[in-house]
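Trainee: for reference, the sequence and a predicted model appear below.
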Amino acid sequence: MKLPIAQGLVAAALVLTAGSVQSAVCDKPLFLTFDTGHMGVAPLVAEVLARQQVKATFFLANERTLTDGSSLDAQWAPWWKARAQEGHLFGSHTFDHVYWRADRTDGGFDMRPTFGPQANRTVPMDAAAYCAELQRPATRFTEMTGQRMAPLFRAPGGKTSPALLAAAARCGWAHVPWSPAGFLGDELSSEKFPNAALLAKALRDIRPGDILLAHLGIWSRQDPWAPAVLEPLITGLKQRGHCFATLAEHPAYRDTLRTTPTRP
């Protein structure tokens, strides 16, 4: 049955709205996320996302870069500002890329920063100190972009404990892991896990609702996963009926993001 002209124009307008496109034509959402890294492929990743019209979620830490700077330094501030203006979402990855090692009997945690003044040392950290560590990327993000960070974080390596997650939740941070099939393998040896094999595995195993994990440059991989795999992965998943959204649309986080203030 044909719609009246006025109704047809309204319907067309709704279809042209970005959020309506996803809800109207795609029931297989995926959530592409990137953790920081050495940033060597960051410009190429941005080009692919723009070309494919994909919005992603980035988790920020101040990691060492190929140019011996850091991923949140002045050199990279314009890059982050441009991504923020494009409408991507951003969360914390701890400023010094701090790994949880163990819970302490005093209620704190043994933590191991990868970068910063205490790099590669196991240091005690109480709940307040951990919350401050989560906040540092948010503060820097606002300095770089003028925008505020979502109250989401990803622990480096995905390593957490119930006590650590509870401490983060008390200061307003929700943790974001990744789906088993969403581990895209860009951290793995390129000799043992070539790009073609990683692409085939991802296209075979990823299912609707999965959170996908990649990085903006990994030191351990000689044959970069991105952007060589990124664009064929996105196009291949689109051909299977998938669409992409930020974690602001994920059912586990969208209510939190609507009711919890962003991080200043």
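Mentor: Arrived safely, thanks for sending. Numbers count the residues shown, from 1 in each chain.
Trainee: from here on, just use CA atoms for contacts and neighbour counts.
Mentor: Fine.
Trainee: all helices of the stretch 1-150 of the chain, in order?
Mentor: For the stretch 1-150 of the chain, the helices defined by DSSP state H, counting those that start in this stretch cover 5-15, 18-25, 42-52, 77-86, 127-145.
Trainee: list the contacts of the very next helix or strand once past the longest one.
Mentor: Along the chain past helix 127-145, the next helix or strand (assigned with DSSP states H and E) turns out to be strand 152-153. By CA atoms under 8 Å, 6 or more residues apart in numbering, the list of residues contacting strand 152-153 from outside reads Phe59, Phe90, Gly91, Ser92, His93, Thr94, Leu134, Trp173, Ala174, His175, Val176.
Trainee: can you rerun that using 6 Å?
Mentor: Here strand 152-153 makes contact (CA atoms under 6 Å, 6 or more residues apart in numbering) with Gly91, Ser92, His93, Trp173, Ala174, His175, Val176.
Trainee: circling back: ranking the helices of the stretch 1-150 of the chain by mean pLDDT, which is last?
Mentor: In terms of mean pLDDT, the lowest-scoring of the helices of the stretch 1-150 of the chain is helix 5-15 (a mean of 31).
Trainee: residues of stretch 68-87 that come out buried?
Mentor: Ser70, Ser71, Leu72, Trp76, Ala77, Trp79, Trp80, Lys81, Arg83, Ala84 (16 or more other CA atoms under 10 Å).
Trainee: correct me if wrong: the first one contacts Arg64.
Mentor: Yes. Because the distance of 4.5 Å satisfies CA atoms under 6 Å, Ser70 is recorded as touching Arg64.
Trainee: need the buried residues of stretch 68-87 in CSV with distance to Ala181, can you?
Mentor: Output for the buried residues of stretch 68-87, formatted as CSV (distance: CA to CA, whole Å):
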residue, distance to Ala181
Ser70, 30
Ser71, 27
Leu72, 29
Trp76, 30
Ala77, 32
Trp79, 29
Trp80, 28
Lys81, 30
Arg83, 26
Ala84, 27
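Trainee: ok, so of those residues, who is nearest Leu188?
Mentor: Ser71 (21.2 Å; CA to CA).
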